[in-house]
Structure formats: structure tokens, C-alpha cells
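*Asks:* Requesting a structural model of the entry that follows:
(chains A, B and C)
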Amino acid sequence: MTLPSLSLLSQSILSGVFIGGMYSLIGLGLGLSWGLLRQINLAHFGFVFLSAYLSYHMATVWGLDPLLTLVLLPPLFFAIGVAMQWLLSRFLISPFNSLLVTFGFTVMIESLIQYVWTADFRRLQSGYGEEKFVLGPLYIPVPELLTLVLAVLFAFAIWAAMRFTDLGKAMRAMAEDGPIAAAFGINQRALSLILSGTCVALASIAGICFALTFTLTPTQIFSWVGVVFAVVMLGGLGSALGPLVAGVIVGVSEAVAMAVFAPSWAPLVSFSLLILMLLFRPGKV
Amino acid sequence: MRSLKRVAAWAAIAAGSLGLMAAGPAPAQSSDPIRIGSTLALTGPLSATALVHKLVGDIYVDDLNSRGGLLGRKVEWLVKDDQSKPDVARTLYEQLVTSDKVDLLMGPYATGAILSAMGVAQRYNKMLIHHTFGIPSLAKYDKHFPAWSVGPKPEETVPTTLFDALAASPKPPKTMALVTSKFPSVHFMSLGAREVAKKRGIQEVLFLEWEFGNRDFGPIAARIKDANPDFVFVGNIGLEGNMLLEAMKKIDYVPPLHFHLYPAPGPMVAAPEGKNALSVTIFEEHPPYTDNPVAAKFVTEFNKRAKAAGFPYTKVEVQAAASFTAWQLLEAAVTATKSFDDAKLADWLKKNQVPTIQGVLRFDRGNNYGDDLMRIKQVQDGNWVTIWPKEVAAPGATLKM
Amino acid sequence: MNRKIVFGIIACGAVLAALPWIGVSAFYESFLYLLFHWVILAVSWNILSGYTGYFSFGHGAFFGAGIYGTAYLAGTLGWPFLATLPAAVLLAAALGLAIGAIVFRVARVRGELFALLTLAVTFVLATVILNTPIDGGPGIYLIGVDIPALGPSQASSIYMLGLITATVALLVSYWVYASKFGTGLFAIHDDEDVAEVMGVPTYRYKLYALAISCGLAGLAGGIHSVFVSYVTVSEVFSITVPLSVVLMSILGGSRHWIGPAVGAVVITCLLYYFTSGDSAVLGRAMVGLILVVVILFMPAGILGLVSGWRHVRRNRAAAKAVAEAPRKEHPPAAPVVRLKKAITGEPLLQVRGLSKSFTGVHALSDVTLDVRKGEILGLIGPNGSGKSTFINVVSGHYKPTRGEIIFEGRNLAGQDAHRFAQAGIARTYQIPRPFSHMTVLENVAMVGMFGGEGKSRAEATRDAQAFIEFAGLAHRAHALPDDLNLHQRKFLELARALAARPKLLLLDEVLSGLTPSEINEAIEMVQRIRDRGTTIVFVEHVMRAVMALTDRIVVLNHGVLIAQGNAADVMNEEDVRAAYLGKAHA
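*Replies:* Numbers count the residues shown, from 1 in each chain, chains lettered A, B, ... in the order given. Prediction:
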């Protein structure tokens, strides 16, 4: 093992920050609905990929600018989220039952994607893929930067909304104690519809960023579940900023491990770190 | 009301599962069509290439039936979905042999599933021809026949071919970075390449392994750039090669020469950074391969049907060719022996050489493997082109740097 | 334990064991093996996660430890296959114990954090196996491994192994479910802190459950390694195993011993049914749809639905029986020899210099007091004066920062709460905390099993019936706590405390929230409890009750004991009036 050069190390850290941004962007909506609606929404991953494929389709087949899909897709997915919550709210559902139901949805979404776009690989080739900034010895690719910026932007936007707007306060109240909140005149039903819509819209934004950075195949849906779950739980369920911090911690610790030791040992570093934080960090993680 | 609804739903499910248990195919009768059983990973993590195998099988069986079938009997191909799970593959082959009672087996693809199928074939003495099996040393059954002709020791012969090709280039590499996935059928090849390179006096400046499923290739790309080798050997499968190349591009690094073991063919050709990527092949859509009229006809048909089915990459390459070869082997053995008897078929295949679209195959060396027919190909002008050895290279094609 | 069920499981196993000899095609052996495989995994997962509610996403790690245990020992080192199976079990169980021994000590790691931790363990284990000579990358190949003949063919030998293990798993699952151990686990599921206070050794029980769960998963792994005959890290440690077992258990009903097995059978059949190659993708979509519909209409799982019906039927029957029975004027006395009211002056509990601080806040400072045998000691003070903390420390829920809690001459300070319960201290909660998934009867019987003497289930249930009648809840014996009103829940709280047959009963504001007539009823009840010879510490705001019931009172303010003695005298002391009455009655 030789000591890595400074530029290698900083480039690797940057790479870890970027992948951490992706983790947290995917995890943001997942953690919100987990914490505030008490739903473990596996279908979140399905929606991320569905949005990625739609973005791919719009850009490649219809020739739209991928950034335009950032405007088009979220409203559509908001509607999907509202519809899903409308369906689920008609039934009494415990958190772990929601895991099962949304697993069913995910499988259906996966099948739909495979039916329409086949299981073969799809890559969104766009001008943005080529763009990058050079900052001294560091290279900053645009798609990754966009992902990170959006991740930070939405994390803070949601955080601010929860903290300063009446709607956000009502949501937190609902999560703390539903019946009491209802007694104070908070319309739980409407709130949960809005929240679910927002979370799924966030999934669609993550999906578009995903399509800009990664090659798509429907079967990859489940390969992101483990690490994103870890990020969301570490960041704190229902927290807006937590997943961002946790995502960057996981991403950077893996990247540094890859740069300094052997890449194949990287998961050991990040997940041991996670275990230690769970066990020894005082207070709530 | 609520409970009534639940009762209804429950009853529906109960009825469904009853039907599920009762459903089972009727046993085959002789004189009827000849039935060939397979599984493919049509869903699950390996499904990206299953469509290719399914399409090739359909094309071949259609063609076979239009020519009157096998020994005058119509051919019926029974495909099941093993969901990319080896344990399901095993059970499905048990079902094909002992319950569906198919006449012949055709193998799945991917190492794990093929091993499962081979175990079943061995228990019932069925012949098993299979498509893309990565680790010859694990195939110990005497009636298995690999359609992907990589020879008994590909971990030595394939890197040798590669380094021969590199040595013949205008500027042979002196230093190498070897980075590899720990995917089993890839990893042993990479380790083999390491040995061959050492013997050839190529200096290894970097050796890295990553866990299959790695998502962040940034640090690996940065380390390769830091090591600045003449040549990068990438032991990869599926998308890993593309991800690594993209990560390299993001830090403005273009490797002088780069080889990818088992890249997903479509994305590598389509990506701008895939330019000049080297890989291995057994068949590409150009002469001399397409001089064979059977191959030419297959290529046309495959292109047409792949396009109709909406495949993103419609060309015939390793997977499709291996799949087609498997069917050719089966037909050749049945026609020559005039029999559907597994023992006779296997016996014939072991003793004879069979011309196929990837060349002449034989099975008389270690573990029923024959010659290593792996060639070196390169992405040139948005196409995969065979460049080595010279006798199978596309007309005029040589290694570009 | 119901013998019929045990015999039923064994009989089913025996019938299925005949299968290989009656010439069924090998496919059925192979398919049934897959069913057994998932049954074992789902059932074993459920023993910890379903019963205690500690949802684990790490079952893949324990299963993987078993697979790689066998694969390495048999495939690489050449051990005989059967000898590797105990090793696989031990390895997985040891891994579970090691994790549990650390994790279960950290009270924070519950719920999703426990799920996360176990998931992380899976990734860590996978990485270690991949990068060390255990696997190293190429996978382990097991076709050469000899499998001892347990059936006519090699396939049927594996079938028999799967069958035996599945039978054992179901027997273990049922045994745990029906035993005292299982009741403790279910109590942990509903409210771990209360369970501990009621006498359940929660730490030990969780460890045992985890070890059993892991051991069975390891065994399933050991057998599965020869079934697949080629094991690789990416297959073994994929998210499929943890996700599938969770789904199967929820679908089948995770509070039932056979629920996960039913879920495993349904999901495996469903997935297998849609393996026809022509409509593979459509079939997969169907699987998704069916899961959605099933769980929406059966939220408690398939078995949950069945036991739900049974519960409703029993509940109706019980209510009917009580309605038809001739009404008695007074509820019968609890089945205890009525003792003379005798305050001997001999101390039952001696608290010496007891202090408790929470990150800088002194909730109790240097409290010293005696509780005499047979008395009712009133504990009063304004809000935040440390009364509840006192109860929490003396019941063992909090460990004191300093001081001694000498109960019958034995210092209990620093011990786990269940030791307090076993020594004979019971408590009620101000806001009732019944085990929400247990019926009233089960709630009360559970305490008899764990508190004080630790009776058998049958005995405890018999006693519980009497205590429920004593508390006037006989007609709700089979109701769930959520269906009770506050008054009934308070009385359930009392019945539960009594069922422990405590020597010392700590009553934490049992009267709050009750109507005046209900308060009268409750005061009478407390008197009757004392008449049975139970010493009582009575925390209360309702002064009428304090004056009527207590022999002595103790006043706390800001965690400091400021007065004690006869109720009337103490209430006249200056600083008591200032600190307590001054504020409360201003």
C-alpha cells in the first residue's frame, strides 16, 4: 500500500460526495414517508426507475432535453403518489404491511419497465453527460453536480418547509400524534395525500438524475435497496437533512477506502462505521 | 361489509392456490412433436441477456420446423423462467426431466444456472448442451457440451491470445493496470491474465479488485489515472466496464489501451468513451464469419426480429452466437445418429467435430472442452470488429490505438 | 402446549417422509425441498422478529454463515457433509449471539435501527467472506461432496434433510409460541420496558430467541449449499433472503407459530407457478398484484385472519356467558388467604441515599426511607417532584445513580428490572400500559408466570381468571386492551399487578382520570388488596384518597424528601404547605 497522492484522494472524496448525493436524493422521499406516514415504501425504488426510464424515453425517443423532464415528470409522479396514498389510506396498514404492499407495487413496476423497455441496458446519451468543470486538479462532472445540487436543494427546502410553513408544522404534528393533531383541526387525509405525492415526486427527480448518470436496467431496482435503506435509517426517519449527511458519510468512507486500500474491502469500512455509530453515538442517531 | 370483502378475497386466493396445485402439463406421447426443455433467466438480475437466448431459440426452432423438424418430427421448445435463481433452475430442470418428461434438454446461460442444470442432467443421464459457461474446470459431467468454445483452460489461453494481439500492435504495452470484479467467472480469468502478463514481462503497476455490484468507480478510475499504465485490463461483466469508462472520462482520462472481459455489448459500442475498447468474441457480424451462409441468414433474421422486438442492440455477438451454436450442435448430433437417445448423442459429439457459425467445435479435451476459439475484438467506428488473430479478423481490420 | 398440534406436526412430517419411497417424480422432491427451505427460513426469522418485534433485515447473514460454514468445511476442507451441519448451526448461532450480546445491551437499537444494524452486518460479513480465503472470489463448488443416503436417491436425501429440518423448525416455533418463553417474547413485542418490569428477563430471552433463530437459519443454509452445489457471495448475501422472509412472515401472519410457514408456501408456490417462459414478465407482475390485494384485505396475514375470527367468537362467547350467569352483589375475593391487618413495624423495603440524575438533572437526591410491612405509604409531592422517578427506580426500570434499595434484606440496586419483579415488587402505570396484542386474560396470566413465584401457564391462567373477576373484568376476559375504556384499563393494570402476588405493590396514580364513583370503587379495591397482606406505596394526587387510605405519607419536592409521618401531621408542616399545598391549592 502506497500513500495516495493528494489529488487522487481529493478526487476520490469528491466521487464519494457525489454518490452520497445520489443516495440521499433517492433516500429523501423514502425517509420522509417512512418517518411521517409510517410507510416503508419499497415502491419508491420502483418510481425512481420508472422516472429514469420515462426520462430516457422522452430524451431519446422524443428528443426532449433531459432537463425539461425535470419539469414534466415530477407533477405526474406527484399525482401517482397521491393516487397510491388514496388507495392505501382506504385500508388500515401497519408499517411492515406497507413494506409488503409496496413490494408488490415494485414488482409490478419492474415488470412494466421490462415489458416496455426490455431487460436490456438503456443509456441516456445527452450533451450534459460530457460536460464538466475543471477546478485545479479536480474534475467536476455536470450530471453528478446536478444530482448533488438537487439533493442539497431539496433537503434544505423540505427542512425549511417542515420548520417554517404551517403545512410543514402540521405534518410534523401529524407524525408525532395523529389523533391529537386531528383534534386540532389538521386534515390528516389531505396532508398524507400531499406528503405521499411529494415523496413520489422526489423519487421522480432522483430518477431523472439517475438516468443522467447511470445505465438503466430494470433488475437493478433491488440492488439499491440495501445501501439506501442504510442511509435513510442512519439519517433518521422523517428527517430532511439526515439522509444527506448519512449519504455523504457512506459515500465518502467507501470512496476513501477504495482510494487508500482495496476497493473490494470498501463496504466493510462504510458498514462497520455505520454499526459503530449505531452502537456508540450518544442520543438519537 | 369489511369482513365480507375479506372473506371474498380469501376465498379467491384459496381457489387460486388450488388451481395452482392442480395445473400440471400432461405427459408427452411418442410420435408427437419432439420436446426440448430449457430454462432461461427471463426475470431477475440476469435477465438482460435472456431475451437474446430466447429469440435465438425461437429463430432456430422456427427454422428447424420449416425444414421439417428433427428426424421428421416437429420440435417443440419448452422454456421456463428460472428467475435468475440457481435453486429454481435446479427444480425446473427436475420438473422438465421427471414431470414434463421432455425428450432433450437445452442448457440455460450463466455459470450458476448451468451448474444447477448439469447436476440434474447428470442424475438422469441426460445430455446437456449449454451456452455460456464461464469456468470449464467446474464442468465435470461427461455428457455436457459447451457451445461457447473457450477451451479447457481459458484463464491461460484467452490472455495469451490477448497479449499476442497486443504484442503485434505498433506500440506493445510495457506496463499494465489490472482491475477486476470479484465475480467468479470473471475473477479467475483476471488472475490468469495476471500470470500470463508476468511471464511476458509486462510490468504490473496496479492491481485492484472490487466487489460485484460496486456503484462508485470514481476512486478506481482515479487510481488507474495515477498509475498511468500503457494498458488497462478490466475484468468486468455487464455494465461495470461502462461505469469505469464513464468514471475515467469524468476525470479526463483516456486509457491508451483498454480491454474488457465480458462487457455488455450494446452500451460499450454506443458510449463515446467505449472507443477502441478491446474485448473477446467468438462471432461478429462481418466476414469471414458471415461468409458462412447459415451465419449470414441467421444474422439477417436476428437483426430483423430483434428490431421488431425492440431490443436496444440488435447485432449478433457472443451470447447470440453461442446460443445459436448450441442448437446447431443439437441438430448435428440428432441428424448424424438418427436418434434422440442421450447416450448416443453424447457419444457422437465426443467423437466428432462439428462445424458451427463460430468455427469447428470439438469436445475431446479436458472436461469435454475443445479448442479455444476466443478472438479479440475492438470497438471501431461504432461497431465491434474482430482484429485478432489475422485469419478471422474483419477485412483490413487491425488494432487501433 | 397442545399435544395434538405436536403430534400433528410430527405426523405431517412422517407422511411426507414416505414420499421418496412411493415413486413420486423427483421434481416434487425438489420443489417440496424449496418449500421446506423457505419454511425453515421464514419460521426461524419469525422466532425472533415476529415474536419480539425486533425486525431483522440480517437473516441473510445467518443463512449465509450456515451456507459458507458447510461450503468451506465440506467443499474446501473436505469434512464429511453431515459433520458440517452442526458446525453451520453453531457458527450461525454464535454469530447471532455475538451480535445480540452487544446490540441488545444498547436500548436505543430497537425498531428500524435494529433492522439497519442487522442489514449492515450482512454487508460486512459478505465483504469479509469475499476477501478472505473462505471464498476469495471464485465461489465454492460442492458437486463432489458426498451426501449420506437418507432416501433412495441423492435428491431425496436432500429432500429428507429439508423435511426433517422444517419439521424441527415448526416444532421449535410451536414450542416457543406455547411456552412461557414465548409469552415473554410476545410481551417484549408489545412493550419491552413493561415486560422487564413484570419479570421477563428480556435481555436473556432476546438472546435465546436470536440464537435459536440464527441456528435454524444456519442449518437451512448448510443444507442449501449442497442443493445449489455452487455458492457465491453475490447470490448468498443478496437482498432476496432477508426481503423474502419478511414478506413471507407478514403474509402468513407473524404473530402465529405457523403463519410464516403458510406465507412461505404461498409465496413459493406463487413464484413457481409463474415460471412459464412465454409470460414470465406478466407472471411476475401477477405475483406483485396478488401480494398487494392479499395484504390489503388481510392486514394481519392469512393466519391473523383465522385467529381474528377465533378471537371474535371467543369474545362473544365470554360476554354471553357472563351475561347469562347470575349476577353477584360483590365480586369474589381474590384467591389468597386473607391476612390480618398487621403493621409490624418491620421494614419490607429500605431505601438508603437513593439518587437518580438524568444528564445533570437531579430527579432524586439522597432519598432515605423505610416502607414497613403491611402499611400503605402515601407518596406525594407536586408535579416533577420525583414521585414517578422513585417508582421507576424502586421497580427497577431505572438504575439508580447512587444508593441502596434493600428489599427483605437484599440490595437490589443495579440489578435488572425482572429481578425486582421476581423478588416480589410489582407496579402499575399511571397511563395503563397493557400488552396490546394480548387479551385481558393473557395480560394478567402473563404476570403470574413471570412475577414472584413464576407459575406454569395453566396455573397462572386459572389464577388470572380469579383476579379478573376480582377486578370486575370477567366479561372482558377475551377482549383486547384497545377495546377497554379507561376505567377498565386501570383495573386491568391493578389485576395485573395483583397477579404477581407481590409483597410490595407500587401504585402510580391509579385514580387519575376516573369519575368520582369509579374512584370510590378503586379506593375500596385498594383497601381489599391491603387486607390481603400486600404492602402498598401509593402515589396519588387525589387527596381524599390519600387521607382515606394511607397509614403514613412521604413528601418529595425537587427530588428531596422533605417530610414523612402521619398524614394529618405532615400536611400541617410549614414547608410541606409551602412546597406542595401552596402551589397545588393556591
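*Asks:* Every contact and neighbour count from this point should use C-alpha atoms.
*Replies:* Will do.
*Asks:* What residues does chain C have near chain A?
*Replies:* Residues of chain C lying close to chain A by Cα under 8 Å from any Cα of the partner chain are C:103, C:106, C:108-109, C:112-113, C:116-117, C:119-121, C:123-124, C:127-128, C:131, C:239, C:247, C:250-251, C:281-282, C:284-293, C:295-297, C:299.
*Asks:* Provide a PyMOL selection command restricted to the buried entries of these.
*Replies:* Here is the PyMOL command that picks out the buried ones among the residues of chain C next to chain A, judged by 16 or more other Cα atoms under 10 Å in any protein chain shown:
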select buried, chain C and resi 103+108+109+112+113+116+117+119+120+121+123+124+127+128+131+239+247+250+251+281+282+284+285+286+287+288+289+290+291+292+295+296+297+299
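*Asks:* Go back to the residues of chain C next to chain A and keep what's next to chain B.
*Replies:* Residues of the residues of chain C next to chain A in contact with chain B (Cα under 8 Å from any Cα): C:127, C:281, C:284, C:293, C:297.
*Asks:* Provide a list of residues in contact with the second one.
*Replies:* Counting by Cα atoms under 8 Å, 6 or more residues apart in numbering or on different chains, residue C:281 makes contact with A:111, A:114-115, B:42-43.
*Asks:* what does residue B:196 give?
*Replies:* Contacts of residue B:196 by Cα under 8 Å, 6+ apart are B:156, B:159-160.
*Asks:* That one and residue B:155, how far apart?
*Replies:* According to Cα to Cα, to the nearest Å, residue B:196 stands 9 Å off from residue B:155.
*Asks:* Spell out which parts of chain A neighbour chain B.
*Replies:* With Cα under 8 Å from any Cα as the criterion, chain A meets chain B at residues A:8, A:11-12, A:15-16, A:19, A:117-123, A:125, A:130, A:132, A:138-141, A:214-215, A:217, A:219-220, A:223, A:255-256, A:258-259, A:262-265.
*Asks:* do the same with chain C
*Replies:* C:25-28, C:30-31, C:34, C:127, C:130, C:137-139, C:141, C:143, C:227-230, C:232, C:234, C:266, C:269-270, C:273, C:275-278, C:280-281, C:284, C:293-294, C:297-298.
*Asks:* Just the ones of the residues you listed in strands?
*Replies:* C:141, C:230 (DSSP state E).
*Asks:* Just the C-alpha atoms of stretch B:266-282, please, in PDB.
*Replies:* Provided in PDB are the C-alpha atoms of stretch B:266-282 (Å, rounded to 0.1, in the frame of the first residue of the first chain):
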ATOM      1  CA  GLY B 266     -24.600  -2.700 -26.700                       C
ATOM      2  CA  PRO B 267     -23.700   0.000 -24.200                       C
ATOM      3  CA  MET B 268     -20.000  -0.300 -24.900                       C
ATOM      4  CA  VAL B 269     -20.500   0.300 -28.600                       C
ATOM      5  CA  ALA B 270     -22.900   3.100 -28.000                       C
ATOM      6  CA  ALA B 271     -20.900   5.000 -25.500                       C
ATOM      7  CA  PRO B 272     -18.400   7.500 -26.900                       C
ATOM      8  CA  GLU B 273     -15.900   6.500 -24.300                       C
ATOM      9  CA  GLY B 274     -16.100   2.900 -25.500                       C
ATOM     10  CA  LYS B 275     -14.000   3.900 -28.400                       C
ATOM     11  CA  ASN B 276     -11.200   1.400 -29.100                       C
ATOM     12  CA  ALA B 277     -12.300  -0.800 -26.300                       C
ATOM     13  CA  LEU B 278     -11.000  -4.400 -26.700                       C
ATOM     14  CA  SER B 279     -12.800  -7.500 -25.700                       C
ATOM     15  CA  VAL B 280     -13.200 -11.200 -26.600                       C
ATOM     16  CA  THR B 281     -15.600 -12.700 -29.100                       C
ATOM     17  CA  ILE B 282     -16.500 -15.900 -30.900                       C
END
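*Asks:* Is any residue of it near chain A?
*Replies:* Yes: judged by Cα under 8 Å from any Cα, stretch B:266-282 comes into contact with chain A through B:266-267, B:271.
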